[in-house]
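Pasting the sequence and the predicted model now:
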Amino acid sequence: MEPVQSSLKKWMRQNENFKEHYEKIRAEVLNDPEIREFLSLHPELSDREIEKNLIKFHEFKSQSKQCNRCKNYGSCINMVKGYSPVLHVKEAEIHLSYEMCHSRIEYEKNSEQEKLISSLYMPKDILNATLANIDQGEGTRKDAIVQLSQFLAEAEKQLPKKGLYFYGSFGIGKTFLLGAAANYLKELGYSSMLIYMPEFVREMKNSINDGTLNKKIDFFKKADILMLDDIGAETQSAWFRDEILGSILQYRMMEGLPVFFTSNFSIELLESQLAETRGKVEEVKALRIIERIKQVTKEVQVEGRNRRDS
């Protein structure tokens, strides 16, 4: 690479004892075990070709090879972070190139996986949730975990068309289940969108002003897995219910894309919540949303102690 080559040439020009130091560096480079092995594998190389490429050999020697001098990608000492030098011969000429090392590959894999989970206003502990950290509990809580485990097991082969509708009291860990599921699904390569419903309503209203409404609706429609947290807690708006939520659920129902919900209300009770908007009661429109919810989810009750009080 140019930085090492340039600095070495400059050093050679400025040093009064150039020949003595040149011979010393030459000997160190050519006696390097990896370079000696490389030259032994290519007896066809002429002395002139070897001499001409001493700078490349010096660069190769100075760089870490496949993280043998680095603990991880973050501590990489190479000029091109996360890349290791490789010597090879083509048409009797020596070439030096760089290839991605295993720590860089792992780093990029993890970065890509992190991008698979997007969220609107979800707490950090939810985004870090794992299946191993779920409190198993008893009764309906245990059943909810079984239902979730079945969904995830099916997703290892093919993404199910129906998600789960978790409902129950405050603070019993319904949202945590969503976070754990999202993290498991990202390992399988699926993208998840986690949304806190009250903030979702505000986000979509603000999107009207900045011209991003349709783009965001399209994103929510097409995410592999959509997770809507605390539905029924938002201030009801006929516009949001019919034009936003209805449109998203209709698309996902037609395309067989799963949706997860958490709520303090059963689906039956949610219907009355959705029907009342600013003094109006619109049962037919609410029922239309409920029918779509039933098409994209399976209702599961979750009970247990309030973990926010502990």
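Good, I have the coordinates. These figures come from a predicted structure and were not determined experimentally.

roughly how far out does stretch 263-277 sit from the chain middle?
Relative to its parent chain, stretch 263-277 has a centroid offset of 33 Å by Cα atoms, centre = their mean, to the nearest Å.

okay, how far is it across that stretch, tip to tip?
End-to-end span of stretch 263-277 (Cα to Cα, to the nearest Å): 18 Å.

quick one: average confidence on it?
Averaged over stretch 263-277, pLDDT sits at 92.

contacts for it?
If you take Cβ atoms under 8 Å, 6 or more residues apart in numbering as the criterion, stretch 263-277 is touched by 165-170, 174, 230-233, 236-238, 241, 281-283, 285-287, 289-290, 293-294, 299, 301. C-beta here means a position set from N, CA and C on the backbone, and glycine is covered the same way.

Now do stretch 292-301, average pLDDT.
Stretch 292-301 shows a mean pLDDT of 95.

whoops, I mixed them up, stretch 48-61
86.

buried set for that stretch?
For stretch 48-61, a neighbour-count test (16 or more other Cβ atoms under 10 Å) marks 50, 53-61 as buried.

which helices and strands does the helix or strand hosting L39 pack with?
Secondary structure assignment for L39, by DSSP states H and E: helix 33-40. Judged by 3 or more Cβ pairs under 8 Å, 6 or more residues apart in numbering; DSSP states H and E, the packing partners of helix 33-40 are helix 18-30, helix 54-62.

What values do phi and psi take at S266?
When read as degrees, to the nearest 10, the backbone of S266 gives phi -70, psi 170.

Count the residues that sit near it.
The tally of other residues near S266 (other Cβ atoms under 10 Å) stands at 14.

quick one: contacts for Q250?
Counted by Cβ under 8 Å, 6+ apart, Q250 has contacts R292.

Hmm, D47 and L39 touching each other?
No - the criterion here is Cβ atoms under 8 Å, and L39 misses it with D47 at 10.5 Å.

Among those two, which residue is more densely surrounded?
Neighbours per residue, other Cβ under 10 Å: of L39 and D47, the larger number sits with L39, 16 against 7.

Can you name the secondary structure element that comes next after the lowest-mean-pLDDT helix or strand in the chain?
One helix or strand of the chain scores below all others by mean pLDDT, DSSP states H and E: helix 102-115, with a mean of 58. Note on helix 102-115: by DSSP H and E, the next helix or strand toward the C-terminus is strand 117-120.
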